[in-house]
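[1] This is a predicted model, with the sequence first.
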Amino acid sequence: MRVAALAHPADFEGWREAARVCLAAGARPHEVAWRIGEEPDLFAALAPLPSAAPSAAPPTEPAFRVPREFVELAQLAICHADEDRFALLYRLLWRLRADRDLLGRITDDDVFRLRAMAKMIRRERHKMEAFVRFREIADAEGSLFVAWFEPEHHVVEITAPFFVRRFASMRWSILTPLVSAHWNMKELRFGPGAAKSDAPSHDRFEEHWLTYYANIFNPARLKIGMMKSEMPVRYWKNLPEAALIETLVREAGKREAAMIEASPTPEPRRAQIILERMKKTANAAGPGAGHNALPGLAQEASGCRRCPLWEGATQTVFGEGAADARLMFVGEQPGDKEDLAGKPFVGPAGEVFDRALAEAGIDRASAYVTNAVKHFKNEPRGKRRLHKTPDAGEISACRWWLEREIEIIRPQFTVALGATALRSLTGLSGGLMNLRGMLAPSDLVGEVFVTVHPSSILRMPPEQREAAYAAFVADLRKLARLMA
Amino acid sequence: MAIADIKSRLAILADAAKYDASCASSGSEKRDSRSGGIGSTEGMGICHSYAPDGRCISLLKILLTNHCVYDCLYCVNRVSSDTPRARFTPEEVVDLTLAFYKRNYIEGLFLSSGIVKSPDHTMEQLVRVARLLREAHGFRGYIHLKTIPDADPALIAQAGVWADRLSVNVELPKEQSLAQYAPQKDAGSIRRSMGNLRLRIDEAREEKARTRRAPRFAPAGQSTQMIVGADGASDVDILRSSSLLYGSYDLKRVYYSAFSPIPGAGAKLPPVKPPLMREHRLYQADWLYRFYGFSVDEIAEGADAHGGMLPLDKDPKLAWALVNRALFPLDVNTASREELLRVPGLGVKTVNEILRLRRLQKLRIDDVSKLTRSRAAFRPFVTALDWRPGATLDSAQLAARLAPKPQQLSLF
C-alpha cells in the first residue's frame, strides 16, 4: 500500500502530482491510500513493483494524455466532501489509460459519480456566490466587509476569485470553519478557519434588507417547496432574511384571505381629478389639429381592422412622401424591418430600391412610396418571422387605403413593384414578367408602369442577381425617360 | 404628505413592484471591477435569496414612485387605489442599490415607476438613476429598466446605453382586454416600443460584430410580462401572443404572471386566488415552444379543443404525447434528437446525454433511467435494447397512471 499525502482537502495540484507518480509506478487503484495534511511520504513508501521496469528506465507506456474534460471534472470533484474522491479520481485515471472513451460512458458507475460530484460542486459554488452575506465593520485601514459562511464542500478556494472580480475595490474576508479568504484590494490570501463569533453580528443595512425581503414576498403565492429546493434549509442559519420566513408563511393565508374578502375600497377623491385632467389633455392633442389630408389618412389607417393582418403586425406602415408627388411607387407589403420601424422600404429590399433609383437618376424624396398591403403578413418561427404573400382578400381589403392615397396625391406616374402591386392596381393576377418595363391599364390611375419588386432580386441565386438588378435599373431608366 | 423614513418607503415601493415577475440577471456582457468601479456580470444570473412564494430574489426590484396617473384595474398602484404612496429620489435608489450590492444581497437593480407628470418625465428619472450608478459610481452590476412606451426615443436610446435589459410589459394577452382594463395604455404603442427596441438592439449587436468600441444598447435584450387569469384569454391565445412576441421582437423571455389579489382591489376587477398551476403549465409550454421544437399548433393539440386551456393535471408535453400515441414508441438507440425531445419525461440535457452515450454503446432502459429524474414517465413511450413498452401505450389508463400523485401543497 502506498500513501499519497495532499496539502489540503481540495489540493488538486497535489493530487495530480501524486497520481502521476503512482501511475508511472504502475500502482493499481486499490494499492494507493490518500491522506490529507500528512508529510508527503509518498516517495519514501514507493518501492519498485516486482513487475515494473527498473527505476532508472522511463515508463514503458507511451505518454498518456489525459482528456481535458477529465481535468475539468476532477478539479470540481476534488472539492467534494466525499472521502472517497481522491481514490475515485485515481481509479478513473487508471481506467482511462485502457479506455479512452470512458468519460463518454456516462452511466458507468465511476463516471456517473464523477459527473454527479462535479455537478454538486458547481451548485455549491453557485450557492456560495449567492448566499455569502457581508457585514461592514471599520478597522484602522477603513471599511472592511466580513462574511461567515458554512459550505458543505471545499469550495472556498474555487469561489473566492468570483468575489475578487466582483468586489475588487472593497476589502473583504470570508470566514468559514476550515479556511478563510481575505482580499486586501491587491491580493487574495487564504488563512486558517474561524468561528462564527469571529465575524460581525450586525450591519447597518440589514434591517433595510429584511424590510425588502418581507415586502417583495407575495402572500397569495405561497410555494414553500420551491423556496426550499432552491434555498435549502441548511443555509438558513447564515441568511439574515431567513429569520422572517416562519412568520411570513404563518401569516400568508390570513393576508391572502383578507385581500380576497375585503370589500372594494372607495376611490380616493384625487383619482377623479387626475383622470379628468388627463382626458382633457388627451382631447386637446387629439386628431383634427391642422387637418392635413395625408397625415389624417395615415392616422386613420393606424387603427385599421379591415382584415385580420393587424393582429400579427407591429403597426400599419403607411405611405411616405410629398402630397404633391408626380411619381408614386406601390410595393407589396412592409417587411420585417419596415414593420418594426413603421416606414416603407427601409429594410434590405429598400436598400436595393434606393441604390437602383439613384442609378436611374430618380429622386426618392420627391416621390411617394407606399405598399399595396399596409400590414406585414408573416408567420412567427422562433426568433424571426417568415414573410407570407398577401392573398386576394387582403389585397382587396387594403385597396381601400391605396385608393384614398391616390385620390389625395393624384400621381402623374404610378409604378407597380411586383405582382401584388400589379394585382391591386390593375386586377391582373399574373403576367408580371411579360408586362415589365411597359404600361398596363389601371382603373385606379389610368396607366401603371410595371416592374419587379426589389426583394425579388435578393431572392435570386447569387449568380443571377447582378443581371436581375441591371434589368431592374433598366426598367427604372425607361421610367425616367417616360417622365422626362 | 411625504414619508421621511427610508425603510417605510422601501416597504411601500418594494410591495408596489412585486407583481412584476421578471427577476433575470443573466445574459449580459462579461465585465468586472478589477479595472475599477464595483461589481460584475458573468453571463449567468445569480438568485441571492428566495421568498416563501418560491420566487428568486436577484435584483433590488422597486419602483421609483408608486404615484401613478394611470388607472389599470389589475394594478395596486392605479390612481383609483387608496394604497399608501411614496417616492425615492434617484440618489436614494443609487445609495440603496450600492449598499445592498456590497453586502452581496443582490445582482443589481430592476427599476420601474408609476407614471408621474408625463411618460418623458418618468423615463428621464429612471435613466438618471442608471446613469448615476454607472458614471458616478462605476457600477458594473446588472441594471434592468422598465421602458415607458411613448417616451421620447432619445430617452430610450439613453436607457439602452446604461441598462443591461429593457422591458415593456404587454400586460394582457388580448388587445381588447387592455382597452377594457388599462384604458390609458395603448397596445399599438406598446408594440411599437418593442419594435423600436428590437431595431436598436439588433443594430448595436451588428455594430459590435464590426468594431469592438461600438456603443452598447441593452446587451441582455428585452423581455415582457403578461398577466394570466385577469381576462378571458385562453392558454392557446396566450401562447400565440407569445410566439408572435418572440418572433417579432426577439424577446429573451415572456414572463407569465398569475393574476394575484392586491390590497384595495376595485369592484370592476375583483380579486381571485391566483392561478399558479396554470402559470406553471404556461411556462412549460413556453419552454416546449422555445427549446423543444414544438409549434403552438402542436401544443394546442394537448389543450382542450373548445376552451383552448392546457390540462392542469399533466404537463403539456405529456398531454401532446397522449393524443399522438401513434408516433410512439421511439427507439432511444436510433431516434433523432428532434424526436427524442418529444418524449415525455426527457429534457434537453437528458436527450443530449442519450445521444452522447449511444455513440459508444446500445442503451438499456436502466441507462435512460439513470440519466433522468423522471424515472417512469418516459417508459411507455420508448424502446431500448432490453425494453418494449408492450400494450401500456394503448392502455386507456395510461394518462391516469402517469398523472402526478396529488400533493399536499403549502405544508411547512
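    Alright, I've got the coordinates. Numbering: from 1, shown residues only, chains lettered A, B, ... in the order given.

[2] is the helix or strand harbouring A:Lys127 anywhere near chain B?
    Using DSSP states H and E, A:Lys127 sits in helix A:109-131. Yes. Contact of helix A:109-131 with chain B (C-beta under 8 Å from any C-beta of the partner chain) involves A:Phe112, A:His126, A:Glu129, A:Ala130, A:Phe131. From N, CA and C alone the C-beta is placed, and that goes for glycine too.

[3] which secondary structure elements does the helix or strand that comes right after that helix contact?
    Using DSSP H and E, the next helix or strand after helix A:109-131 towards the C-terminus is strand A:134-139. Under the contact criterion of 3 or more C-beta pairs under 8 Å, 6 or more residues apart in numbering or on different chains; DSSP states H and E, strand A:134-139 touches strand A:142-148.

[4] backbone phi and psi for the residue lying farthest from the centre of chain B, please?
    Most distant residue from the mean C-alpha position of chain B: B:Asp386, 41.1 Å away (C-alpha atoms, centre = their mean). Dihedral pair for B:Asp386: phi -120, psi 30, per degrees, to the nearest 10.

[5] and it, what is it in contact with?
    B:Asp386 sits next to B:Arg364, B:Ile365 when contact means C-beta atoms under 8 Å, 6 or more residues apart in numbering or on different chains.

[6] what ranges of chain A fall below the confidence cut-off?
    Low-confidence segments of chain A, defined by pLDDT under 70: A:38-63, A:284-291.

[7] Could you break it into its assigned domains?
    A:2-126, A:132-198, A:206-261, A:293-483 (automatic domain parsing).

[8] With mean neighbour count added, can I get the ones you listed in a markdown table?
    Below are the domains of chain A laid out as a markdown table (neighbours: other C-beta atoms under 10 Å in any protein chain shown):
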| stretch | mean neighbour count |
| --- | --- |
| domain A:2-126 | 16 |
| domain A:132-198 | 17 |
| domain A:206-261 | 17 |
| domain A:293-483 | 19 |
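
[9] tell me, how many neighbours does the nearest residue in space to B:Leu341 that is not next to it in sequence end up with?
    Once flanking residues are discounted, B:Leu341 sits nearest to B:Tyr292: 4.7 Å by C-beta to C-beta, 6 or more residues apart in numbering or on different chains. If you count neighbours by other C-beta atoms under 10 Å in any protein chain shown, B:Tyr292 ends up with 21.

[10] Pull up the gap between B:Tyr292 and B:Arg325, please.
    18 Å (C-beta to C-beta, to the nearest Å).

[11] related to what we said a few turns ago, pick the one among the residues of helix A:109-131 next to chain B closest to B:Arg192.
    Among the residues of helix A:109-131 next to chain B, A:Ala130 lies closest to B:Arg192 (C-beta to C-beta), at 37.9 Å.

[12] ok, the closest one to B:Ala51 distance?
    In terms of C-beta to C-beta, A:Ala130 sits 14 Å off from B:Ala51.

[13] so where do the strands sit in chain B?
    Here chain B has its strands, by DSSP state E, at B:49-50, B:56-57, B:59-63, B:108-112, B:142-146, B:165-167, B:222-228, B:253-258, B:330-331, B:382-383.

[14] still on that earlier bit, got the domains of chain A as JSON lines, with distance to B:Tyr70 columns?
    Output for those, formatted as JSON lines (distance: least, C-beta to C-beta, whole Å):
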{"stretch": "domain A:2-126", "distance to B:Tyr70": "39"}
{"stretch": "domain A:132-198", "distance to B:Tyr70": "38"}
{"stretch": "domain A:206-261", "distance to B:Tyr70": "21"}
{"stretch": "domain A:293-483", "distance to B:Tyr70": "21"}
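
[15] closest to B:Ile38 out of the ones you listed?
    That would be domain A:132-198 among the domains of chain A, by C-beta to C-beta, at 5.4 Å.

[16] gap between the two ends of that closest one?
    Using C-alpha to C-alpha, to the nearest Å, the end-to-end distance of domain A:132-198 comes to 15 Å.

[17] And for stretch A:310-329?
    End to end - C-alpha to C-alpha - stretch A:310-329 spans 22 Å.

[18] That one vs chain B: in contact?
    Yes. With C-beta under 8 Å from any C-beta as the criterion, chain B is reached by stretch A:310-329 at A:Gly312, A:Thr314, A:Gln315.

[19] Just the closest of the residues you listed to chain B, please.
    A:Thr314 (4.2 Å; C-beta to the nearest C-beta).

[20] Now do the same contact list for the closest one.
    A:Asp339, A:Leu340, A:Gly342, A:Phe376, B:Arg191, B:Arg192, B:Met194, B:Gly195, B:Ser248.
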